[in-house]
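1. build the 3D model from these lines:
(chains A and B)
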Amino acid sequence: MPALLRRVGRLAVVLAVVTVITFLLVAALPGDVALDIAGADASAEDVAEIRAEIGLDRPLVVRYLDWVSGIVIGDWGQSWRTGERVWDAIVQRLPASLELMLLAQVVAVSLAIPAALLCARAPDGRVDRAIGFLAFGSVSMPSFMTAVLLILLFSLTLGWLPATGYEPLSAGLWENLRPMILPALSLGLVEWTALMRTLRAEMIGVLQENYIALARAKGMSDRRILVVHALRPSSFSMITLLGLQVGRLMGGSIIIEQIFGIPGVGRLLVTSVFSRDFMMIQGCVTFFALAYVLVNFCTDLAYARLDPRVRGFGGKAGAHG
Amino acid sequence: MPPTRSSGQCPVLRPLRPSRRGFARLAAALGAAAMLAVPGAAGMLATSSAAMAQQKGGSITVGLETDVTGFDAVAGGVLGQTGEIVMRTIQEPLLDFDPDTKEVKPLLATAWEANEDLTQYTFTLREGVKFHDGTEFTAEDVAAHYNRILDPEQKSRSRSFISVIQGAEALDRYTVRFTLAHPWGAFLPYLAATSMSGPIPARANVEAGEQNRRPIGTGPFEFVSWLGGDRIVVKRFEDYWAKDEIHLDEVVFRILPDTQTRFASLKSGEVDVIWTDRGQTIVSAQKDPEIVSLQTQGAGAEIILLNARNAPLDDVRVRRALAHAFNQPAAVKIIWQDTQPVVSSPMGDSRDCGEAGLRGYDPKAAKALVEDYGQPIRLSMVHTATPRGREIGELVQQMSKAVGIEVELIPVDQGTLIKRTFGREFDIVGWRIADAVDVGPQLFALARSDSSYNLTGYSSPELDDLAQRMRTAKDVDERFELQCQIVAEMNDQATMLYWGGGAFYAFTTQRVKGVPPPYRGAVDVTRAWVEE
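-> Presented below is the predicted three-dimensional model:
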């Protein structure tokens, strides 16, 4: 348990540092928020008054402490632009981003695992080289290019899928999934390559292990060996990578959200930056950092499940931790 | 005005073209106006002769580029083109505008008259009009709305544009009087515009502080929901005062920021209506037989401001050299794919000022002026870090280089550009004059020496005099003639360059009918219907 507490303690320190850095960065942004609110043709007194109203005339430390103490009790502040509460705005847009992230990972993992298995079976063989070639091409295409090409093919030419939009689950499962297919593919087709390569590399190593040799000697089929015995021990690096990807995508995939018109947190952040909505920016960035750290925390926990050599946190740290 | 049409940043005063026949005649036309007050009659004039075929019911989706910031005249900031399209379905202004006759006509006000010296206007309001919350629309709502905007304590962004109005007073339940500081030719057209300050909200809702996110008005559609960044939904208001004109059950406004995918959504039918100013999209859409094109030629212009306060631009020879170096037709072709007209004034077709003394493309003259000036000329241009901003920046840079003027480009984001422009921290910057029936107020603000909006910093006693006479002119013809003279003077002094006029485009799918061309860029979907 002390190890768990240590981890949680480290989490808190990371988050504190993130809040400080975010706050300072936002405070250093050029442009004048008060001027934006007042309007360009307002008098200097009006601007000064507004600056006082939103609290920008207080010292940095006071502003920081005021904001952070608000976060802890759940009051993340209000957008000066729309009057929306920051927490509500983020939470409202979170489902769309989360769904996009999850579906993208599902696509990525569904492509990565079979591909890696096929490659690892016969490294440097024809299949391995072909898949490697495909992966190389796939990762070289930026996701927004893939997005546009997919829209051109599936929306405009074939008319099978919509080019934009998002429907919440309340509208029905298929209505919800249908507009997410192309965005998830656009992201997944980039993400799968790193996962596949990592898994493949580790699996090739694991396949050299003596317990694999034993399984072969017992006459086990290739498929059973790969899926039942080799997959789990090879997947640690892939899971670490997956954790990093998930954490990153929790912040929304800004370009994909913009192209497909998905109302996610990424777009919220971008609009807030352009309008100097500093409360929203601070709230969003802190939220993403929080999500990122938590996801990686969970990734650590996942090791314990997957690798019996790492049980709880009391024993030796996992070989791959 | 801030440069990008589609960024939603324009402070909006878009008064409409006043009657050319003069105000005296307009006042005398009360009788006709009162007749038009019969509910439905105005609608019958507006809708096409295919009225018989209109189907009731159905829903359309409108694709918007940006989200609305808010609907409240004080808290909502600036409305922008996007906001106007939505606002029009929920709230209505006092007057309407007939683009064919180019005159204002009744809407929430049925009749009006002015006093002798045109400083007081008394409006008779339509009776029996309901707000979406069931309360009745009265003069109190009108007076409260305007007085709130005009109150300096409220710091409304719209206040400076209507500061000529000194106050509004409810004389009785259905009569309201406006008092102006002096005769203002743009007043009636302003009341017919869907700006942030024009449409009337329900007073109770405003006082409750709800108007910004949950607007209540008298319009044909009532607000249902607003998912920030995603969509705004409105549904038909059953007690609308002209409900026979309204056919749709629902309008969904979806926010789709990327211009290409917005267009793709139109083509694939997920979105029914879009408006755009991107040349390539317009050209593609016009070529597509499945898409209906709507177009208007308005006033306003894309301009380039030269800061006459900063050396060497304080020397008129340098400014004139820049003007002669700039090739507007080429710029319009490259940036707008010729979907905007080449202009010499921001008047549009409200008045043809002719050449208005525009210093056109003449590289020889430019080089001669540069030589005459004698010293090396180094300037900087601030532009937005967007494709269009870069395009105009690079064009100015290359065209100036060809005559021996060095221009350094400074890309910034929209907020910074606005700040630098108002802070006069620029040599050259892109800007625009918003479309309006009467661009007089904008010209006044740009020309006067005592105006905080005089961004070029150039002023002269002649210009001041012209501007003052223009503002207080009682005759519409005289007002427009003076505007042409102001423009001619500014062109001669080369304080502003033009790179395109005010053409607006909207596109719909075939199933949507009854959407008129986008006058002043506002797409009015209120009277539309669908035909499957």
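
2. residues in the stretch 51-200 of chain A within reach of chain B, list them.
-> A:81-84, A:89, A:92-93, A:96, A:148, A:151, A:155-156, A:159, A:162-166 (Cβ under 8 Å from any Cβ of the partner chain). Any C-beta I mention is one placed from the backbone N, CA and C, and that applies to glycine too.

3. spell out which parts of the stretch 351-500 of chain B neighbour chain A.
-> B:413-416, B:418-419, B:421-422, B:452-453.

4. please repeat the previous calculation with a cut-off of 7 Å.
-> B:413-416, B:418-419, B:422, B:452-453 (Cβ under 7 Å from any Cβ of the partner chain).

5. quick check: the residue of the stretch 51-200 of chain B nearest chain A.
-> residue B:157 (4.3 Å; Cβ to the nearest Cβ).

6. where does pLDDT dip in chain B?
-> For chain B, the stretches with pLDDT under 70 are B:1-53.

7. quick one: secondary structure of the residue in the stretch 201-321 of chain A that chain B sits nearest to?
-> Residue of the stretch 201-321 of chain A nearest chain B, by Cβ to the nearest Cβ: residue A:263 (3.4 Å). Three-state call for residue A:263 (DSSP: H, G, I helix; E, B strand; the rest coil): coil.

8. skipping adjacent residues, who's closest to it in space?
-> residue B:230 (3.4 Å; Cβ to Cβ, 6 or more residues apart in numbering or on different chains).

9. residues contacting that neighbour?
-> When contacts are counted by Cβ atoms under 7 Å, 6 or more residues apart in numbering or on different chains, residue B:230 is found next to A:166, A:263, B:255.

10. tell me which parts of the stretch 201-350 of chain B are close to chain A?
-> Proximity of the stretch 201-350 of chain B to chain A, by Cβ under 7 Å from any Cβ, involves residues B:212-213, B:227-230, B:254-258, B:261, B:264-265, B:267-268, B:270.

11. mind checking how far whichever residue of the stretch 51-200 of chain A sits closest to chain B is from residue A:155?
-> Nearest residue of the stretch 51-200 of chain A to chain B: residue A:163, at 4.1 Å (Cβ to the nearest Cβ). From residue A:163 across to residue A:155, the span is 4 Å (Cβ to Cβ, to the nearest Å).

12. look up how far residue A:127 lies from the closest residue to residue B:318 other than its chain neighbours.
-> In this structure, residue B:318 finds its nearest non-sequential neighbour in residue B:312, 4.7 Å apart by Cβ to Cβ, 6+ apart. Distance from residue B:312 to residue A:127, counting by Cβ to Cβ: 69 Å.

13. of those two, which one has the most company?
-> Neighbour totals were compared for residue B:312 and residue A:127, and residue B:312 leads with 17 against 14 (other Cβ atoms under 10 Å in any protein chain shown).

14. for my notes, confirm the more buried one occurs in a helix.
-> No: assessed with three-state DSSP, residue B:312 is coil; it does not lie in a helix.

15. what's near enough to touch residue 203?
-> Using chain A here. So residue A:203 contacts A:116, A:120, A:230, A:234 (Cβ under 7 Å, 6+ apart).

16. nope, chain B please
-> With Cβ under 7 Å, 6+ apart, residue B:203 has these contacts: B:140-141, B:144.

17. recalculate using a threshold of 10 Å.
-> For residue B:203, the contacting residues are B:131, B:135, B:137-138, B:140-145, B:148, B:211, B:216, by Cβ atoms under 10 Å, 6 or more residues apart in numbering or on different chains.

18. show me where the stretch 51-200 of chain A has strands.
-> In the stretch 51-200 of chain A, no segments count as strands under DSSP state E, counting those that start in this stretch.

19. what of the stretch 301-450 of chain B?
-> So, for the stretch 301-450 of chain B - with DSSP E, counting those that start in this stretch - the strands run B:377-384, B:405-412, B:428-433.

20. so which of the ones you listed gets nearest residue A:19?
-> If you check each of the strands of the stretch 301-450 of chain B against residue A:19 by Cβ to Cβ, strand B:405-412 wins as the nearest, at 28.3 Å.

21. rewinding a little: and the residue of the stretch 201-321 of chain A closest to chain B, what's its pLDDT?
-> Note on residue A:263: pLDDT of 89.

22. next one: residue A:24
-> Confidence score, pLDDT, at residue A:24: 89.

23. report the separation between it and residue A:272.
-> On the measure of Cβ to Cβ, residue A:24 and residue A:272 end up 17 Å apart.

24. kindly report the same for residue B:250.
-> Counting by Cβ to Cβ, the gap from residue B:250 to residue A:272 is 30 Å.

25. and what of residue A:110?
-> 34 Å.

26. who's more crowded, the two?
-> residue A:272 (24 against 12).

27. buried residues, the helix or strand hosting the more buried one. List them.
-> Per DSSP states H and E: residue A:272 is located in helix A:265-274. With burial defined by 16 or more other Cβ atoms under 10 Å in any protein chain shown, the residues of helix A:265-274 counted as buried are A:265-273.

28. returning to what we had before: next step: the contacts of residue B:203 restricted to helices.
-> With DSSP state H as the criterion, helices contain B:140-145, B:148 from among these.
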